[in-house]
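>>> Here's my sequence, what's the structure:
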Amino acid sequence: MKKPKRTARKSGPDPIDAQADSFAMESDQVSLWRDPFIQILIIVAGGFLLYFNTLMIPFTFDDFACLVGNPVINSFNCFPDTSQVFGLSIHPDLKNNLILRPLAYFTFALNYHFHGLNLFGYHLVNLLLHLGCALLVSSLVYLTLKIPVPPNGENPHREEQPVYFHYLPLFTALLFLCHPLQTQAVNYVIQRFVPLATFFYLSALALYIQSRCASTPRSRLLPYILALIAAVLAMESKEIAFTLPAVMVLFEFIFFSGKLAPRVAGLIPFLLTMAIIPGKLLRLPSPVQTGKAENVSSAMNLVNYSGVSPWDYLTTQFGVITTYLRLLLLPVGQNLDYDYPLQHGFFKAEVLLPLSLLLGIVAIGVYLLKRSSGNLLHKIVAFGIFWFFITLSVESSIVPIDDLIFEHRVYLPSIGFFMALLAGAASLINRLTGESVARSRVATSLLIAAVLSLSAATMARNQVWRDEVTLWSDVVRKSPNKARAHVCLGEALLRQGRMKLGNNGLLAGKRLQRDGRDERLQAAVNAYREAIRLGPDLPVAHEKLAEALTLQKNFDEALRTLATSIRLNPKSSIPYVLRGEICEARGDLLQARSEYLEAIRKEPSAPMPHGKLADIYAKQGNTQGAIKELEFVMRVYPDQVVRKKLARLKRG
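Here you go, the predicted model:
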C-alpha cells in the first residue's frame, strides 16, 4: 500500500491539506479492502483456521448407513444407470437418495475410489465446498451491488456505492462462513448434499446475473449456458435446488428492468429445470417409508414421510423457522438431534406467536420492496427476506419429513438472512447518521467483533463434533427424553470401545476386542436400557442392547431381549442373525445355521444372514455351499471384503 506523499511546509499545517491527506490515507485503505485477492485470502484463510482441526472427525449417525455400509459408493457401476440400485439389498431410502441426488453420491464414490473410508478426504471436500460457497456469497453480493439503479427516488449516498463493494460482500461472506450453525453441514459428512447443492445454486445465480449485466449478446451467452448447467447440477445434488428458478425470477424482477417478453424468455429454460426433481420422484418405486423416524439407519431426505399430516407439519414449522432465526441471531443451545414437539391444532400460542413473527418479517420485505425505487439496499433487504423463506420451503412447509428440525437445513436460507441483515444495518445507519456504514468505525468494529465471536463459537462447537461420544453425550443432555439419542450414544460407545467395523458394515460382523469388563461397553448397555425405557416399542433399541449383552457374554439376557425384538418386528432378520451369533459363541454351529436360515426366510434378499451362513459352511467344510452364499451376496450387496473372501474360497 503506497503512503500518501506529504509536502513540507515552513508554516503551520494547513487544515485543508490535512483533510486531503486524511482522505488519501482512507482511500488507500479502502483500495486495500477492495482488492479481490485480499478478500479471497481472508475468506479462505478464515475457513481453514476454523475447520483445519475437524478433518478427522469420525463418521456418525447416517454416515454409517449412507456411506460406510452403502455398496453404492464402492464403485461407479450404478451411476451410468441409477435404476440398477433397485437390485441391491439396501434400505429403500438409500435407493431413493441415489435417484434424487446422484451427483452427491458420485462425489462420495470418488472419495472412496481414491482413499476408501479415510476420513480426511471426505472432510476436506466438505470444507472446500463450504469455502467455495462463502466465496460465491461474496461474489453474489458484489454483482448485485454493481447492478445499475435508476436515479429516481431515494438513493442515499449513491457515490458511496464503491465502498459497499468491499464492505457488504466481504462481511456477508464472513458471517456465513464463520457462523456455528454451519458446522453441521460441514462436519456431518453425509450432509455434503447441502453445501454441494448450495455451491451450484449460488454459481447458477451469480452466472445468470453476470450474463444479464453483460454489454453484448456474445458476452452474455457463455455465462448464461454455464448458469443453466449449474442449475441442472444443483438439481442433481439435493431437492432444495427446486427453489432456484423461483429465486432467479425474484431476482430478475427486483433488480432488473426492461421489456417483459425477452426477460421471461431468458428465464424459461431455468423454469423448465424445475421438472427434474418431480420427474425423479415419479421414478421412485418406494417413495414413502412410514414409521422410520427413530431408526438409526434411516436416511434423512424429502421422501421419508413419517405419517404426519401436512397440516400438523406446517403448523409445527412456524415454530421451527422461528428457532432457526433465533439460532442465527444467538447460536446458543445447538443440537444435532432436537427433541422438537409436533403441534396439533392451529389456535394455540405455540403456533400463532411464531406465525405472527414470520408474517411480520414478510410484511417488512414487501414494504421495503414497494419503497425501494432507487434504493439498492432496500431491494437487497427485501430479496434476502424472500430468499430465506423460499429456500426453506422445500423442507419447512407442507411436505412432511421424519425429522422436524435439523440445523443443516438453514445453510442455504442463511445466505438470505445475512444479506438482509447487513444491507438493513447499512441502510439504517445511513438514515440515522447520514454517513455510510463503511465509514463508521463503530459499525466496522461491531462487525469485526461479531465475526470473531461467531468464529469462537464455531471452534467451540467443532470441539463437540470431534468425538462421537462427546457429540451424542451433548445430544442426550439436550434431548434427554428422545430414545434415538440414547441409542446413538450406545452405538458411539461401542465404536469407541475398540470396535473393528469392516468397510462393508454389517456384513463383516462387529468384533469388539476387550476383556468383557470394558467401562464403555457397560455405558453402552446403560444407554440402550434408557432408550428402551423411553421407547419400549423401538425394535432397534432391543437389538442393540442384545448385541452389547452378547459382547458381555450375557447370553441369556441377550436372548430374552431378542425375543422382545422379534415380537415387536417379526419380519426382521436381524434378531435371528444375532441369535445365530450367540449360538456360534457357544459353539453350537448346527443351531447357528438354523437361525441364519430362519433369518433368510424372513428376509430372503438380506445379505448379512447369507454372509453368516457362508461362514458356517466354510467352517463345516462345505466350500461349494459357502461359495454359493457369497455369490448371492455379491449380487445384492457388492463389497470388497466379500469379493476377497469369495476369491480365497474359489482358490481353495
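
>>> Only C-alpha atoms from now on, for both contacts and neighbour counts.
Noted.

>>> list the helices and strands the helix or strand where Ala265 lies packs on?
With elements taken from DSSP states H and E, the one containing Ala265 is helix 260-272. Using 3 or more C-alpha pairs under 8 Å, 6 or more residues apart in numbering; DSSP states H and E as the contact criterion, the neighbours of helix 260-272 among helices and strands are helix 217-235, helix 244-255.

>>> same thing but 10 Å
Where contact means 3 or more C-alpha pairs under 10 Å, 6 or more residues apart in numbering; DSSP states H and E, helix 260-272 is packed against helix 193-213, helix 217-235, helix 244-255.

>>> Give me the average confidence score over the second one.
Averaged across helix 217-235, the pLDDT comes to 96.

>>> Which parts of that helix count as buried, going by neighbours?
Across helix 217-235, burial judged by 16 or more other C-alpha atoms under 10 Å covers 220, 223-224, 226-235.

>>> Asn462: which of those residues is nearest?
Of all the buried residues of helix 217-235, Ala234 has the smallest distance to Asn462: 27.3 Å, by C-alpha to C-alpha.

>>> Quick check: the gap between the closest one and Leu202.
Separation of Ala234 from Leu202 (C-alpha to C-alpha, to the nearest Å) stands at 9 Å.

>>> Please identify every residue contacting each of the two.
Common neighbours of Ala234 and Leu202 (criterion: C-alpha atoms under 10 Å, 6 or more residues apart in numbering): Leu244.

>>> hmm, back to that, export the helix holding Ala265 to CSV, keeping only CA atoms.
The C-alpha coordinates for helix 260-272 follow below in CSV (Å, rounded to 0.1, in the frame of the first residue of the first chain):
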residue,chain,number,x,y,z
LEU,A,260,-41.2,-8.2,-20.3
ALA,A,261,-41.0,-10.7,-23.2
PRO,A,262,-37.2,-11.1,-23.5
ARG,A,263,-36.8,-11.2,-19.8
VAL,A,264,-39.4,-14.0,-19.4
ALA,A,265,-37.9,-15.9,-22.4
GLY,A,266,-34.5,-15.9,-20.7
LEU,A,267,-36.0,-17.4,-17.6
ILE,A,268,-37.9,-20.2,-19.3
PRO,A,269,-35.0,-22.7,-19.6
PHE,A,270,-34.4,-22.3,-15.8
LEU,A,271,-38.1,-22.7,-15.0
LEU,A,272,-38.1,-25.9,-17.1
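
>>> What lies in contact with it?
When contacts are taken as C-alpha under 10 Å, 6+ apart, the neighbours of helix 260-272 outside the stretch itself are 204, 208, 212, 224, 227-229, 231-232, 242-246, 248-249, 252-253, 256-257.

>>> Quick check, Ala585 in contact with Gln552.
No. Judged on C-alpha atoms under 10 Å, Ala585 makes no contact with Gln552 at a distance of 11.5 Å.

>>> Who has more neighbours out of those two?
Between Ala585 and Gln552, Gln552 has the larger neighbour count (other C-alpha atoms under 10 Å), namely 18 against 15.

>>> so where's the protein shaky on pLDDT?
The model of the chain has pLDDT under 70 over residues 1-34, 149-166, 286-307, 434-438, 498-517.

>>> Can you give me the domain boundaries for it?
Split into domains by automatic domain parsing, the chain comes to 30-149+157-465, 467-570, 580-652.

>>> Do me a favour and get the end-to-end distance for the shortest one?
Distance between the boundary residues of domain 580-652 (C-alpha to C-alpha) amounts to 26 Å.

>>> before we move on, the earlier item: how much does the helix or strand following the helix holding Ala265 deviate in direction from helix 217-235?
From helix 260-272 onward toward the C-terminus, using DSSP H and E, the following helix or strand is helix 276-283. Inter-element angle recorded for helix 276-283 and helix 217-235: 30 degrees (by axes from the mean of the first three to the mean of the last three C-alpha atoms, to 10 degrees).

>>> re the thing from before, can you give me the buried ones in the helix holding Ala265?
Residues Arg263, Leu267, Phe270, Leu271 are the ones in helix 260-272 that count as buried (16+ other C-alpha under 10 Å).

>>> do stretch 460-473 as well
In stretch 460-473, residues buried by neighbour count (16+ other C-alpha under 10 Å) are Arg461, Asn462, Val464, Trp465, Arg466, Asp467, Glu468, Val469, Thr470, Leu471, Trp472, Ser473.

>>> quick one, what contacts the second one?
Contacts for Asn462 (C-alpha under 10 Å, 6+ apart) come out as Leu50, Tyr51, Asn53, Thr54, Ile57, Pro180, Thr183, Gln184, Val186, Asn187, Ala456, Leu471.

>>> Starting from the host helix or strand of it, tell me the next helix or strand along the chain.
Counting by DSSP H and E, the element that carries Asn462 is helix 441-465. Along the chain past helix 441-465, the next helix or strand (assigned with DSSP H and E) turns out to be helix 468-478.

>>> which residues touch that following helix?
Helix 468-478 is contacted by residues 57-61, 333-339, 461-465, 467, 479-480, 482-496, 520, 527 when judged by C-alpha under 10 Å, 6+ apart.

>>> Now do the contacts for Asp339.
Remark: with contacts taken as C-alpha under 10 Å, 6+ apart, Asp339 is in contact with 403-405, 475-476, 478-485.

>>> what's the distance between Tyr208 and Phe417?
21 Å.

>>> Cross-reference the contacts of helix 468-478 with the strands and report the matches.
When the contacts of helix 468-478 are checked against strands (DSSP state E), there are no matches.

>>> hmm, which of those are the buried ones?
Looks like those have 57-61, 334-339, 461-462, 464-465, 467, 479-480, 482-496, 520, 527 buried, using 16+ other C-alpha under 10 Å.

>>> Which residue ranges of the stretch 551-652 of the chain form strands?
Listed in chain order, the strands found in the stretch 551-652 of the chain under DSSP state E, counting those that start in this stretch amount to none.

>>> Please, where are all the helices along it?
Counting by DSSP state H, counting those that start in this stretch, residue ranges of the helices within the stretch 551-652 of the chain are 555-568, 574-585, 589-602, 607-619, 623-636, 640-651.

>>> In TSV: those helices, plus distance to Ser75.
As requested, the helices of the stretch 551-652 of the chain are arranged in TSV below (distance: least, C-alpha to C-alpha, whole Å):
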stretch	distance to Ser75
helix 555-568	34
helix 574-585	26
helix 589-602	26
helix 607-619	18
helix 623-636	13
helix 640-651	10
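
>>> What residues sit buried inside the lengthiest helix in the chain?
What stands out as the longest helix in the chain, according to DSSP state H, is helix 119-146. Buried residues in helix 119-146, counted by 16+ other C-alpha under 10 Å: 119, 121-145.
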